[in-house]
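In: structure of the sequence below:
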Amino acid sequence: MYQLVESICLKDCELQNIDYHNKRFNNSRKQLFGINDNIDLREKIKITPDLKKFIYKVRVIYSEEIEKIEFQEYFLRKRETLKLVFSDEIDYSFKYLDRQELENLLNLKEKCDDILIVKNNRPTDTFASNIVFFDGEKWFTPAFPLLMGTKRQYLIDNGLIFEEDILLKDINIFKGFKLINAMLDWENPILPISNIEGL
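Out: Residues are numbered from 1 along each chain as shown. Now for the predicted structure:
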């Protein structure tokens, strides 16, 4: 039985981007387990006033049904330098709890903070984030990520970033990049392309 996890940002006692998390959560249950009933995570995650003190990562661990809900105080980790690593076999199309394949690649990061995984000659994702590239005017995200992130989809739907079939050789035409996931603010600084080691 597969176990999956939905990681949701809880800020000021509000679940961020919750409609997108609900959609991915229920779509995963339908595709992997054939379950058609929708669950609204807002009704399952019990938020108490004391949770207003910090920003939390809410981890909903589930398979056919929700198995556990965890609240983890969130601390922003430095992710400024990326090491290119290559794998044409890796599959993380669902947000599995078991990330051993990703962890094996993360072990190759050497002195960098994180990895940028290249699959079929295309940049995909880092260990736990989607990536977006800046050309000086617009932001572009790879059209073939390992995981369709909720923040990624929100930014696409709101016209802030655009999908593009980006090849490895294309990365150097961009001026900078950002990492995005449920816990990372879009307002974080732009990082230079030179921070990607191995180009």
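
In: for stretch 10-26, buried residues please.
Out: 10, 15-16, 18, 20-22, 24-26 (16 or more other Cβ atoms under 10 Å). All C-beta spots, glycine's among them, are computed from the backbone N, C-alpha and C.

In: out of the residues you listed, list just those in helices.
Out: Within the buried residues of stretch 10-26, residues falling in helices by DSSP state H are 18, 20-22, 24-26.

In: residues making contact with stretch 86-106?
Out: With contact meaning Cβ atoms under 8 Å, 6 or more residues apart in numbering, stretch 86-106 is reached by 2-7, 24, 28, 31-32, 61, 85, 114-115, 117-120, 125, 127-128, 146-148.

In: so which of those are in strands?
Out: When DSSP state E is applied, the contacts of stretch 86-106 are split such that 4-7, 61, 85, 114-115, 117-119 fall in strands.

In: that older thread, now which of the contacts of stretch 86-106 would you call buried?
Out: Among the contacts of stretch 86-106, those classed as buried by 16+ other Cβ under 10 Å are 4-7, 24, 28, 85, 114-115, 117-119, 125, 127-128, 146-147.

In: show me where this structure has helices.
Out: Residue ranges of the helices in the chain, as given by DSSP H, are 18-33, 41-44, 100-106, 150-157.

In: can you put those helices in TSV and add distance to Leu199?
Out: Below are the helices of the chain laid out as TSV (distance: least, Cβ to Cβ, whole Å):
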stretch	distance to Leu199
helix 18-33	31
helix 41-44	39
helix 100-106	17
helix 150-157	22
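
In: will you turn these into a markdown table that also has distance to Phe71 and mean pLDDT?
Out: What follows is the helices of the chain, written out as a markdown table (distance: least, Cβ to Cβ, whole Å; pLDDT from 0 to 100):
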| stretch | distance to Phe71 | mean pLDDT |
| --- | --- | --- |
| helix 18-33 | 15 | 97 |
| helix 41-44 | 13 | 97 |
| helix 100-106 | 23 | 97 |
| helix 150-157 | 18 | 98 |
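
In: Met183 is nearest to which of those?
Out: With respect to Met183, and counting by Cβ to Cβ, the nearest of those is helix 150-157 at 8.6 Å.
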